[in-house]
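K.L.:
structure for the following, please:
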Amino acid sequence: MKKIVAVAMGGYSTEAQISLKSGEVVYQHLPTNKYEVYRAHLLKNNWFIVDSKGNKHNIDRSDFSFNIDGEKIKFDVVFNTIHGTPGEDGLLQAYLNMLGIAQTTCNYYQAALTFNKRDCISVLKPHGIPTANNYFINKGDKINVDEIIQKVGLPCFVKANRAGSSFGISKVKKKSDIIEAIEFSFQEDDEVLVESFLDGVEVSVGVINYKNEVLALPVTQIISENEFFDYDAKYLGKSQEITPALISEQQTQEVQNLAKKVFKVLKLKGFTRSEFIFHNNKAHFLEVNTCPGLTEASLLPQQAKAAGISLTNLFDEAIIEALKTED
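P.N.:
Down below sits the predicted model:
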């Protein structure tokens with residue numbers, strides 16, 4: 001009997017349109033001989049299912065079901081492709097956990113932890129994972145620019161603490177621009193992370209559960225046409241993404257091992273993508289994404305392809321793993 005799958009997509013954040021694209025790719029590639037697949041659009045104003053004919057059916061949030069032709073349909077598993085809230089910050093995971101429905105990403109605590117860049121860094125540092133120097137600011141705090149510069153130096157990065165896809169981030173070169181950059185980050189979140197600038201090669205490493213092992217995928221090197229790997233570089237083609245990365249075998253091994261360590265220390269599952277910069281020839285951790293983009297142009301599918309893993313096998317294995325965890 002086919003398992004009934006909801007591909008959750010959309011979300012409530014500025015990343016909703018990217019998520020809808022990721023969700024469509026998953027929907028198109030899941031094997032229909034094994035699964036009965038529906039698209040679940042979880043948007044701020046409405047939750048609904050889109051069936052194979054394009055018809056919309058409202059989701060009953062009391063049990064995450066819907067009705068079609070008088071029949072109540074319940075899901076065996078949710079393939080979570082939502083970037084940002086509520087799919088990447090733990091809210092959807094907690095909701096599905098209470099309903100007893102399996103899902104493909106990490107658990108709710110891990111999702112909330114990794115979505116909070118400051119907390120994630122604080123947990124990883126005692127495990128010997130190198131990071132940039134950082135400084136934390138909350139909305140309403142008195143901002144001491146001299147203290148910030150003394151801690152992180154210039155240039156530095158000012159980031160919204162709980163946001164993805166390079167929203168709410170600025171590279172600051174002058175003392176006079178720090179306040180404006182902080183205010184820009186506050187548009188995305190009421191917590192801000194200021195980090196020292198790490199000069200070096202930026203790489204991204206996918207780590208996934210695949211065929212009963214934790215597998216580090218081939219490394220991608222990111223060469224942005226812009227000051228850093230911002231939204232335009234990530235989604236509008238203003239970057240070069242080289243897979244496998246043009247780094248040494250030793251560096252490849254180092255950063256893959258670090259990415260796997262992050263995965264295991266934080267007790268993650270499903271698909272993750274960790275970002276690092278080789279600064280002074282040493283890999284420094286930036287952040288981990290527990291619900292990475294899954295369009296054909298996204299980094300993790302590029303890495304899977306380089307590893308000889310098709311999208312169908314990649315996505316199928318995520319369902320198998322999620323159902324195994326649930327059993």
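K.L.:
okay, now the unreliable bits of the stretch 101-250 of the chain?
P.N.:
Applying pLDDT under 70 to the stretch 101-250 of the chain picks out residues 164-166, 225-238.
K.L.:
contact partners for the spatially closest residue to residue 2 that is not a sequence neighbour?
P.N.:
If the residues on either side of it in the chain are set aside, residue 2 comes closest to residue 36, at 4.7 Å by C-beta to C-beta, 6 or more residues apart in numbering. In this view, the C-beta of every residue, glycine as well, is placed from N, C-alpha and C. Going by C-beta atoms under 8 Å, 6 or more residues apart in numbering, residue 36 touches 2-5.
K.L.:
quick check on these: which are buried?
P.N.:
3, 5 (16 or more other C-beta atoms under 10 Å).
K.L.:
now do the helix or strand harbouring residue 283: which elements does it pack against?
P.N.:
In this assignment (DSSP states H and E), residue 283 forms part of strand 282-289. Secondary structure elements in contact with strand 282-289, counted by 3 or more C-beta pairs under 8 Å, 6 or more residues apart in numbering; DSSP states H and E, are helix 108-115, helix 117-124, helix 249-265, strand 271-279.
K.L.:
can you state the direction angle for it and helix 249-265?
P.N.:
40 degrees (axes from the mean of the first three to the mean of the last three C-alpha atoms, to 10 degrees).
K.L.:
what angle do strand 282-289 and helix 117-124 make?
P.N.:
Going by the same axes, to 10 degrees, strand 282-289 makes 130 degrees with helix 117-124.
K.L.:
beyond strand 282-289, next helix or strand please.
P.N.:
Immediately after strand 282-289, counting by DSSP H and E, sits helix 299-306.
K.L.:
that next one vs strand 271-279, what angle?
P.N.:
Using the same axes, to 10 degrees: helix 299-306 against strand 271-279 is 90 degrees.
K.L.:
can you give me the buried ones in helix 299-306?
P.N.:
Buried residues in helix 299-306 (16+ other C-beta under 10 Å): 299-305.
K.L.:
then that helix to CSV, C-alphas only?
P.N.:
This file holds the C-alpha atoms of helix 299-306, laid out as CSV (Å, rounded to 0.1, in the frame of the first residue of the first chain):
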residue,chain,number,x,y,z
LEU,A,299,23.7,23.6,-3.4
LEU,A,300,22.6,20.3,-1.8
PRO,A,301,21.1,18.8,-5.0
GLN,A,302,24.3,19.9,-6.9
GLN,A,303,26.4,18.1,-4.3
ALA,A,304,24.2,15.0,-4.4
LYS,A,305,24.5,14.9,-8.2
ALA,A,306,28.3,15.1,-7.8
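K.L.:
just the mean pLDDT for the helix or strand following it, thanks.
P.N.:
On the C-terminal side of helix 299-306, the closest following helix or strand by DSSP H and E is helix 311-326. In this model, helix 311-326 carries a mean pLDDT of 92.
K.L.:
name the SS class of residue 136, please.
P.N.:
Put simply, residue 136 is strand when judged by DSSP: H, G, I helix; E, B strand; the rest coil.
K.L.:
was I right to think it contacts residue 119?
P.N.:
No. With contact defined as C-beta atoms under 8 Å, residue 136 does not reach residue 119; the gap is 10.0 Å.
K.L.:
how far away from the center of its chain is the strand holding residue 283?
P.N.:
13 Å (C-alpha atoms, centre = their mean, to the nearest Å).
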